[in-house]
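*Asks:* Need a 3D model of the following:
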Amino acid sequence: MSSIDPVHLEALVARYEQPAFIAEDPIAVVHAFDEPRDQEVIGLYAALLAWGRRKLILRKLEMLCACMDYQPYRFVSQFDPVRNGYRLATFCHRTFQPVDALWFTLNLQALLHRYGSIAAFVAQHLPPRAPTIEPALEALGHALCALPGTPERLRKHLPRPSSGSACKRLALYFRWMVRPGPVDLGLWKVVLPCQLVLPLDVHVGQQARTWGLLQRPQNDWQAVQELTENCRQFSPEDPARYDFALFGAALYGAGTS
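*Replies:* Now for the predicted structure:
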């Protein structure tokens with residue numbers, strides 16, 4: 001049974017889903033681009049690297065954009081490890097090392113060459129009546145590690161629901177791409193907001209349990225399903241909107257009073 005007052009929950013969403021939220025969040029890097037193809041590509045890198053201190057994440061993403069000459073779609077599409085692989089040779093963020101950057105870029109390039117865009121890939125791998133984005137998360141996590149020679153270590157950065165992972169960073173990426181603004185971009189029409197799941201990490205999980213929105217003790221895929229289903233009770237058409245309330249309360253200490 002949830003202990004959070006729905007009115008207070010909505011007030012927290014309204015407080016944190018504001019343009020002012022963007023500047024200190026990794027999504028700021030995505031908003032810095034105007035071309036949807038660039039936003040889609042850099043957004044995937046930004047979500048993948050969205051762990052740790054936000055100032056450090058933003059600094060690393062700025063370095064990555066410079067490596068790409070501020071043309072992420074073109075960089076990935078035309079990437080040649082012999083000709084310009086040096087650009088990623090020193091890029092790292094925590095356990096995401098240059099070898100991960102190289103193979104992630106090569107796998108993303110293969111996906112873009114085959115489908116034209118990440119949105120087109122998702123459209124091909126998400127059944128129209130799928131209740132959540134789970135099939136697309138599973139397919140994307142697989143596709144981005146599919147090239148022969150891809151090191152096993154890259155899979156640790158791209159876990160799938162079938163492994164039990166909460167898939168927090170890919171769930172966050174889908175939120176950015178699907179939901180309308182002012183914070184999210186609303187680029188993809190092939191996914192409905194009602195199909196999104198809550199991005200679940202340690203802090204969001206703790207806050208969700210405090211409010212009675214989550215009972216499962218582990219932060220895994222089952223917990224994501226439970227939390228999302230409970231959030232659907234408040235907003236069936238857009239459960240992921242409550243990520244702003246949960247994240248904001250966890251980060252800034254907003255209580256239920």
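
*Asks:* what mean pLDDT would you report for stretch 243-257?
*Replies:* Across stretch 243-257, pLDDT averages out at 79.

*Asks:* Work out the gap between that stretch and the centre of the chain.
*Replies:* Distance of stretch 243-257 from its chain centroid, counting by Cα atoms, centre = their mean, to the nearest Å, is 19 Å.

*Asks:* What residues sit buried inside that stretch?
*Replies:* By 16 or more other Cβ atoms under 10 Å, the buried positions in stretch 243-257 come out as 243, 244, 245, 246, 247, 248, 249, 250, 254. Bear in mind the C-beta positions are built from the backbone N, C-alpha and C, glycine included.

*Asks:* Pull the residues that contact that stretch.
*Replies:* Residues from elsewhere that reach stretch 243-257 (Cβ atoms under 8 Å, 6 or more residues apart in numbering): 3-5, 8-9, 12-13, 15-17, 21, 172, 175, 183, 198-199, 203-204, 206-208, 211, 213.

*Asks:* May I have it exported as CSV, CA atoms only?
*Replies:* Only the C-alpha atoms of stretch 243-257 are listed here, as CSV (Å, rounded to 0.1, in the frame of the first residue of the first chain):
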residue,chain,number,x,y,z
ASP,A,243,10.8,9.3,-12.2
PHE,A,244,11.0,13.0,-11.7
ALA,A,245,9.3,12.8,-8.3
LEU,A,246,11.4,9.8,-7.2
PHE,A,247,14.7,11.1,-8.4
GLY,A,248,14.1,14.6,-7.2
ALA,A,249,13.1,13.5,-3.8
ALA,A,250,16.0,11.2,-3.5
LEU,A,251,18.5,13.8,-4.7
TYR,A,252,17.1,16.9,-2.9
GLY,A,253,15.5,15.3,0.1
ALA,A,254,11.9,16.2,-0.6
GLY,A,255,9.7,14.5,1.9
THR,A,256,6.0,13.6,1.9
SER,A,257,4.9,16.5,4.0
